[in-house]
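Peer 1: output the structure for:
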Amino acid sequence: MYKTLFLCTGNSCRSQMAEGLLRHLGQNRFVAFSAGTHPKPVHPQAIRAMQEIGIDISGQTSKSLDQYLNDHFDLIITVCDRAQEHCPVFPGEAERIHWGFDDPAEATGTEEERMRVFRRVRGEIQGRIRLLLSLEKYAVGATPT
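Peer 2: Just a heads-up that it's a prediction; the model follows:
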């Protein structure tokens with residue numbers, strides 16, 4: 001299994017949705033974690049956006065990057081520019097990937113307008129994860145490095 005860390009600033013939306021999506025779509029080939037450089041509680045609209053597609057992240061909690069600094073990961077995926085700039089070096093030879101997504105927690109407007117942003121970002125993350133899973137190096141039967 002590929003041990004994967006999604007890293008964001010707040011660990012409240014993007015990285016939480018990515019963790020849930022990879023667990024759901026990864027067909028037991030990935031173990032997913034998420035963390036933040038400055039963690040905040042999981043955003044209720046991120047939970048709602050994921051529930052809309054049948055994925056429950058309500059039991060996930062926001063975690064600090066500090067708790068993973070000595071862990072080995074196969075993949076470290078930053079999902080915001082600020083996290084990419086502050087991503088520390090981890091032990092081992094993890095592949096580092098950057099996926100920059102808008103922060104849906106910063107969306108303004110009515111609740112429905114904000115939910116549209118959460119749904120859009122969820123869809124963008126889902127697309128990137130599907131692309132990752134289609135790569136030959138992560139295909140069924142491939143061996144983690």
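
Peer 1: pLDDT-wise, which helix or strand of this protein ranks last?
Peer 2: helix 81-85 (a mean of 66; mean pLDDT, DSSP states H and E).

Peer 1: give the next helix or strand downstream of that one.
Peer 2: Downstream of helix 81-85, the first helix or strand assigned by DSSP states H and E is strand 95-98.

Peer 1: helices or strands up against that next one?
Peer 2: With contacts defined as 3 or more Cβ pairs under 8 Å, 6 or more residues apart in numbering; DSSP states H and E, the packing partners of strand 95-98 are strand 75-78. For the C-beta atoms, the positions are set from N, CA and C on the backbone; glycine is no exception.

Peer 1: what sits up against the strand it packs on?
Peer 2: 2-8, 18, 84, 87, 90, 94-99 (Cβ atoms under 8 Å, 6 or more residues apart in numbering).

Peer 1: what's the answer for stretch 107-116, then?
Peer 2: 45, 48-49, 104, 117-118.

Peer 1: separate out the buried members of the residues you listed.
Peer 2: 45, 49, 104, 117-118 (16 or more other Cβ atoms under 10 Å).

Peer 1: identify, from those, the entry nearest to residue 32.
Peer 2: Using Cβ to Cβ, residue 49 comes nearest to residue 32 of those, at 17.1 Å.

Peer 1: so the closest one: helix, strand or coil?
Peer 2: helix (DSSP: H, G, I helix; E, B strand; the rest coil).

Peer 1: any idea how far it is from residue 30?
Peer 2: 21 Å (Cβ to Cβ, to the nearest Å).
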